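Asks: Quick one: sequence plus predicted model below, questions after.
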Amino acid sequence: MKIEEAIVYLLATSQHGMKTEQIARELELRGLVPRRAGRPPLDGRVIAAIVYKHPEIFCFNEGRVRLLM
């Protein structure tokens with residue numbers, strides 16, 4: 001699963017959006033995004049970069065990431 005798809009999945013199950021750090025933590029806990037050995041864990045900055053890269057899917061609203069679809 002691509003990281004963008006995993007974020008969509010998390011946000012679709014969240015009623016109020018999520019903060020970038022919450023998304024990173026949930027992706028790691030649920031193992032939704034496979035990580036290669038030696039790679040640093042996901043953090044809020046990585047999630048924010050992905051959100052800004054896909055404005056057609058995600059937006060920031062009241063400090064939380066939300067789905068546009």
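Replies: Noted; the coordinates are in hand. Numbers count the residues shown, from 1 in each chain.

Asks: hey, let's count contacts and neighbours off CA atoms from now on
Replies: Will do.

Asks: Please, where are all the strands along the chain?
Replies: Applying DSSP state E to the chain gives strands spanning 58-61, 64-67.

Asks: pLDDT on the first one, on average?
Replies: Put plainly, it is strand 58-61. Here strand 58-61 scores 94 as its mean pLDDT.

Asks: Could you do the last one as well?
Replies: With pLDDT averaged residue by residue, strand 64-67 scores 96.

Asks: how long is stretch 50-66 end to end?
Replies: For stretch 50-66, the first-to-last residue distance is 13 Å (C-alpha to C-alpha, to the nearest Å).

Asks: how far does it sit from the chain's center?
Replies: Centroid separation between stretch 50-66 and its chain, computed with C-alpha atoms, centre = their mean, to the nearest Å, is 9 Å.

Asks: can you pull the buried residues of that stretch?
Replies: Buried residues in stretch 50-66, counting neighbours by 16 or more other C-alpha atoms under 10 Å, are found at 51, 58, 59, 60, 65, 66.

Asks: Neighbours of residue 7, how many?
Replies: Neighbour count of residue 7, defined by other C-alpha atoms under 10 Å: 25.

Asks: So what touches stretch 27-45?
Replies: For stretch 27-45, the external contacting residues (C-alpha atoms under 8 Å, 6 or more residues apart in numbering) are 1, 2, 3, 6, 7, 20, 21, 22, 23, 24, 25.

Asks: buried sites along that stretch?
Replies: 27, 28, 32, 33, 42, 43.

Asks: and that stretch, how far out from the chain's middle?
Replies: Put simply, stretch 27-45 sits 11 Å off its chain's centre (C-alpha atoms, centre = their mean).

Asks: Save the strands of the chain as JSON lines, and put in distance to residue 11 too.
Replies: As requested, those are exported to JSON lines (distance: least, C-alpha to C-alpha, whole Å):
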{"stretch": "strand 58-61", "distance to residue 11": "9"}
{"stretch": "strand 64-67", "distance to residue 11": "7"}
